[in-house]
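Engineer: Sharing a model that was predicted from the sequence below.
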Amino acid sequence: MKPVVVLYKSLPHDLRQRLEAHCSVIEIDGLTAENLRKHATAFQSAEGLLGSGGLVDDSLLAIAPKLRAVSMISVGYDNVDVAALNRCGVILMHTPTVLTETVADLMMALVLTTARRIVDLAGRVKAGEWKSSIGPDWYGIDVHHKTLGILGMGRIGMALAQRAYGGFSMPVLYNARTHHAEAEQRFNAQYCDLDKLLAESDFLCISLPLTKETHHLIGREQLAKMKPGAVLINTGRGAVVDEPALIDALQTGHLYAAGLDVFTQEPLAVDSALLKLPNVVALPHIGSATHATRYGMAHDAVDNLIAALSGKVTQNCVNPQLLK
Ligand code: 8YV
């Protein structure tokens with residue numbers, strides 16, 4: 001008998017068929033508390049879970065006694081209580097490789113967009129405000145040869161370093177849990193402590209997962225230590241940055257701009273002060289959102305789940321100790 005899988009995010013037709021060849025699929029429209037109640041029977045028999053977002057924690061595990069594998073269509077898994085999964089022996093899979101270049105493209109796009117004020121100025125043109133040759137009040141700042149600071153030198157940080165160093169002649173500084181020999185060798189990236197990274201980066205690019213350690217890692221004190229006139233880019237997770245403190249740093253003019261793809265609350269509230277600031281570019285969490293990459297993520301997540309349910313995991317597992 002095929003294992004039952006609860007699917008809580010729609011899949012492209014061919015991937016749905018691929019999953020159905022191996023599993024008996026029950027699709028629901030998200031992991032809300034209401035859906036956990038409404039589809040209790042499905043969870044009762046589920047051996048696998050596939051989707052993205054939504055909380056995967058004790059309350060879900062309590063109604064899914066047969067669960068063996070959870071496969072996220074994302075690299076991040078801050079919405080998953082990994083300790084709870086470990087206690088129940090549930091394998092957690094994710095998609096760490098397929099989205100790297102696409103997210104790095106977006107980070108570089110945010111660097112350029114904030115520096116050259118693309119959104120603000122394009123809006124002014126559309127609003128009919130371009131009436132004569134522009135003056136300094138429409139100027140931006142340079143990107144090339146400025147210092148790019150990367151907080152979190154994982155795969156995405158590496159791909160960003162490659163773009164910045166190779167494409168824009170930017171010296172690269174980075175801070176991470178460990179030194180990254182390849183980044184140092186290929187991109188001449190210089191490891192530094194957080195204070196130095198804050199003080200010397202013209203563009204501080206955050207590419208960190210959300211964990212207990214990274215929650216509000218960039219708070220009021222750290223923002224104050226940033227180089228005056230610097231730009232903050234965040235495509236990791238919103239809660240790595242203390243949002244009210246960031247708003248203050250932007251309002252006082254200490255920071256030149258911010259390019260944000262992630263927020264403490266998503267979707268971002270329409271009345272957020274961030275949206276009133278012309279020097280903020282706020283995006284709807286589109287880091288991996290290209291047709292090809294979202295397909296690739298779904299593809300990998302389906303394969304990951306099939307592998308996990310058939311005991312054939314070779315990669316992309318968050319808690320591989322459970323495989324032994
Ligand atoms: C996805 C992400 O946008 O992979 C991640 O961790 O943040 C994004 O790529 C999101 O999880 C929806 O699939």
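Structural biologist: Cool, the structure landed.

Engineer: give me every residue that touches the one residue in the stretch 101-250 of the chain that gets nearest to the ligand.
Structural biologist: Going by Cβ to the nearest ligand atom, the ligand is nearest to residue 103 of the stretch 101-250 of the chain, at 6.9 Å. C-betas here are computed from N, CA, C, even on glycine. Residues near residue 103 by Cβ atoms under 8 Å, 6 or more residues apart in numbering: 156, 159, 207, 235, 287-288.

Engineer: Please indicate which of those are buried?
Structural biologist: 156, 159, 207, 235, 287-288 (16 or more other Cβ atoms under 10 Å).

Engineer: Near the ligand, list only the ones from these.
Structural biologist: 287-288 (Cβ under 6 Å from any ligand atom).

Engineer: Quick check: of the buried ones among the contacts of residue 103, which lies closest to residue 141?
Structural biologist: Ranked by distance to residue 141 (Cβ to Cβ), the buried ones among the contacts of residue 103 are led by residue 235 at 19.9 Å.

Engineer: Surely that closest one touches residue 209?
Structural biologist: No. Look at residue 235 against residue 209 with Cβ atoms under 8 Å: they stay out of range, at 11.5 Å.

Engineer: would you list every one of the helices in the stretch 1-150 of the chain?
Structural biologist: 13-22, 33-38, 40-45, 58-63, 82-88, 100-115, 118-126 (DSSP state H, counting those that start in this stretch).

Engineer: what's the burial count for residue 306?
Structural biologist: 23 (other Cβ atoms under 10 Å).

Engineer: let me fix that: residue 33
Structural biologist: Using other Cβ under 10 Å: residue 33 sits among 11 other residues.

Engineer: Need the nearest residue in space to it, chain neighbours excluded.
Structural biologist: residue 59 (7.7 Å; Cβ to Cβ, 6 or more residues apart in numbering).

Engineer: Save the contacts of residue 103 as CSV, and put in secondary structure and pLDDT too.
Structural biologist: As requested, these are exported to CSV (DSSP: H, G, I helix; E, B strand; the rest coil; pLDDT from 0 to 100):
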residue, secondary structure, pLDDT
156, helix, 98
159, helix, 98
207, coil, 96
235, coil, 98
287, coil, 98
288, coil, 98
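
Engineer: From the residues you listed, pick the one nearest residue 1.
Structural biologist: residue 288 (34.4 Å).

Engineer: if I look at that closest one, how far off is residue 308?
Structural biologist: 21 Å (Cβ to Cβ, to the nearest Å).

Engineer: The residue nearest to residue 33 and residue 37 touch, don't they?
Structural biologist: No. Residue 59 lies out of contact with residue 37 (Cβ under 8 Å); the separation is 10.4 Å.

Engineer: and the residue of the stretch 151-300 of the chain nearest the ligand?
Structural biologist: residue 288 (3.2 Å).

Engineer: Could you pull up the residues touching the closest residue to that residue other than its chain neighbours?
Structural biologist: Nearest non-adjacent residue to residue 288, counting by Cβ to Cβ, 6+ apart: residue 99, 4.0 Å away. Neighbour list for residue 99: 75, 156, 287-288, 293, 296-297 [criterion: Cβ under 8 Å, 6+ apart].

Engineer: try residue 163
Structural biologist: Applying Cβ under 8 Å, 6+ apart, the residues contacting residue 163 are 104-105, 108.

Engineer: Which residue ranges of the stretch 101-250 of the chain form strands?
Structural biologist: 148-151, 172-175, 190-191, 203-206, 230-234 (DSSP state E, counting those that start in this stretch).

Engineer: Now mean neighbour count too, for those strands, in TSV please.
Structural biologist: Putting those into TSV (neighbours: other Cβ atoms under 10 Å) gives the following:
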stretch	mean neighbour count
strand 148-151	29
strand 172-175	24
strand 190-191	16
strand 203-206	28
strand 230-234	27
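
Engineer: Quick one: closest of these to residue 51.
Structural biologist: For residue 51, the closest of the strands of the stretch 101-250 of the chain is strand 230-234, at 24.2 Å, according to Cβ to Cβ.

Engineer: Each with direction, which strands does the closest one pair with?
Structural biologist: strand 203-206 (parallel), strand 255-260 (parallel) (DSSP bridges).

Engineer: Pull the shortest one out as PDB, backbone CA atoms only.
Structural biologist: What it means is strand 203-206. Output of strand 203-206 as PDB, limited to C-alpha atoms (Å, rounded to 0.1, in the frame of the first residue of the first chain):
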ATOM      1  CA  PHE A 203      26.100  47.400   1.800                       C
ATOM      2  CA  LEU A 204      25.300  44.900   4.600                       C
ATOM      3  CA  CYS A 205      23.700  41.900   3.000                       C
ATOM      4  CA  ILE A 206      22.000  39.500   5.400                       C
END
